[in-house]
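A.B. asks: quick check, what structure comes out for this input:
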Amino acid sequence: MSAWTGQSWGERCLSRRSLLQSGLGAVIAGRVVAAARSRGLQAQERAAATHGRVTITDIEVHPVTVDYEDFLADELNHYYGPSRRTIYVARASNGEIGLGEGSRETDEVLARYIGSNPFDWIGDETSLPLGMAMYDLMGKLAGVPVYKLFGQRYRSWVPAASWTVSTHPDRMARAVKEFAARGYTWMKYHLSPFENVLDQMRAMQEVAPAGFRIHHDLTMGGTDDHVFELLEQISRFPIAGCFEDPLPEKDIAGYAELRSKCRLPILYHHVPLGAGFETQQRPADGYILGHYRIGEAVRRAGLFAALELPFSLQNVGGTITRALTVHMQAAFKTAWQHFNSDTETWKSDVVNERLEPINGRIRVPEKPGLGVTLDREELNRLKNLKLPEQPLWIIKSTFADGTRMYNRADPKDALFMVRPDRRRQVTLSYISPIETEYWDDDGTAAYRRTMERIQREGTVFVKPNDKEAPPS
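C.D. replies: This next block holds a predicted model:
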């Protein structure tokens, strides 16, 4: 049985195979795209009747720095340093504005939107953040919430998960308590071989309320663990919820085999063929679309609907991003998986609303557009906010036998914290008996000598009781 649908995989496979062999899958997926475009054109006619011809006259570009929530700030700063993103305010000729956010687009991309009608960007495949702003404007001009631009609403409450980074078990438990108190029922994190995942699970299990689940992201491998055995050990904890990207991305057959053995759902994020033909091999219980442009996401939503495959959108950002994701998942038939936007990790935002969950679900806004309004005062404050950069630091790890390990951590290379194998220095395990501390530059000679040695040698291992080595 599928862990998420209650329908046997044999029944679902027969349905999918019939669809694919007859070509109906492509037909149904195409109908979803066509329906979304039709809804957009209908909204355009309504907007034109009310406002006449509207064009984009200006797009404000605001780079902002956003502060982390206090209970997560230390670990997130050590991983990434200060968080930054770009806010876009698209102004239309009738004075209405549309909001978007994300990475910084080039001036050439911005110029493509100036002078256009927002409805020219139905199914936008050029820019996700500017597409957000265009859809916000479309909804406001037509007087409808954004989800109605995509089609029928399938759900009015959309499941949302919280997120953190792998850290000491006590900190993981603190995150579970905080997020559960804020209405979340899922928490996602990327496993790191600098911490023992079973120790983390024990600590989180002890404080988690009934029904709270952990979403484990294995970042496509990189350890020496036997993956099936690892997942089986984690699955024994009631708090364990699902596994994302447990194998290298191209191992489609391996995913199919692993999914057939694992008791918990397997989610495929970094799919090698863009969540297309590989779906025929049934490699996963669900899919994650990460930062897909709106038009691309609509096409995939059509395919997933035709094959009855659950999925979610993962677009990292603030409340503007969260709002778009909620609207899209409300209108996509099989988008019933919990989504991650990481919005809950930031203390401040540039809009007046905060879309918070109740029992793990966020209510779909019913106001025209995205349903969020700009807070100019806060936007200006965050534009001028100067947070200290996190300098290089030392990952100081201790194994159960007293062996010490030292590595250099660079916030500009955060991937190292979950995939240290990428530096070609050491391959570790998620279940090693290990604990890790953050060793910041404390001005001591010991810190300086240790960092110099790491710079020369790479990963440093020190035998227990070796007095010539850096202190523990």
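
A.B. asks: and stretch 261-274, what's buried?
C.D. replies: 262, 264-269, 271 (16 or more other CB atoms under 10 Å). All C-beta spots, glycine's among them, are computed from the backbone N, C-alpha and C.

A.B. asks: any chance of the residues you listed in CSV, with distance to residue 336 and secondary structure too?
C.D. replies: CSV is the format used below for the buried residues of stretch 261-274 (distance: CB to CB, whole Å; DSSP: H, G, I helix; E, B strand; the rest coil):
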residue, distance to residue 336, secondary structure
262, 20, coil
264, 17, coil
265, 12, coil
266, 16, strand
267, 13, strand
268, 16, strand
269, 17, coil
271, 19, coil
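
A.B. asks: of all the residues you listed, which two lie farthest apart?
C.D. replies: Pairwise distances across the buried residues of stretch 261-274 peak at 19.0 Å for 264 and 271 (criterion: CB to CB).

A.B. asks: rebuild the buried residues of stretch 261-274 as JSON lines, extending it with distance to residue 222 and pLDDT.
C.D. replies: Below are these laid out as JSON lines (distance: CB to CB, whole Å; pLDDT from 0 to 100):
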{"residue": "262", "distance to residue 222": "19", "pLDDT": "96"}
{"residue": "264", "distance to residue 222": "21", "pLDDT": "98"}
{"residue": "265", "distance to residue 222": "21", "pLDDT": "98"}
{"residue": "266", "distance to residue 222": "17", "pLDDT": "98"}
{"residue": "267", "distance to residue 222": "18", "pLDDT": "98"}
{"residue": "268", "distance to residue 222": "17", "pLDDT": "97"}
{"residue": "269", "distance to residue 222": "15", "pLDDT": "95"}
{"residue": "271", "distance to residue 222": "18", "pLDDT": "91"}
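
A.B. asks: out of the residues you listed, which is nearest to residue 372?
C.D. replies: Closest to residue 372, out of all of the buried residues of stretch 261-274 and judged by CB to CB, is residue 269, at 26.6 Å.

A.B. asks: and the gap between the closest one and residue 279?
C.D. replies: 14 Å (CB to CB, to the nearest Å).

A.B. asks: which residues do those two both contact?
C.D. replies: Common contacts of residue 269 and residue 279, defined by CB atoms under 8 Å, 6 or more residues apart in numbering, comprise residue 287.

A.B. asks: looking at this, residue 46 is in a helix?
C.D. replies: Yes - judged by DSSP: H, G, I helix; E, B strand; the rest coil, residue 46 forms part of a helix.

A.B. asks: what is the burial count for it?
C.D. replies: Residue neighbour count, defined by other CB atoms under 10 Å, stands at 14 for residue 46.

A.B. asks: give me the spatial nearest neighbour of it, chain neighbours excluded.
C.D. replies: residue 142 (4.8 Å; CB to CB, 6 or more residues apart in numbering).

A.B. asks: any low-confidence regions in the stretch 1-150 of the chain?
C.D. replies: 1-35 (pLDDT under 70).

A.B. asks: quick one: the helices in the stretch 301-450 of the chain, in order.
C.D. replies: Here the stretch 301-450 of the chain has its helices, by DSSP state H, counting those that start in this stretch, at 319-331, 376-384, 445-457.
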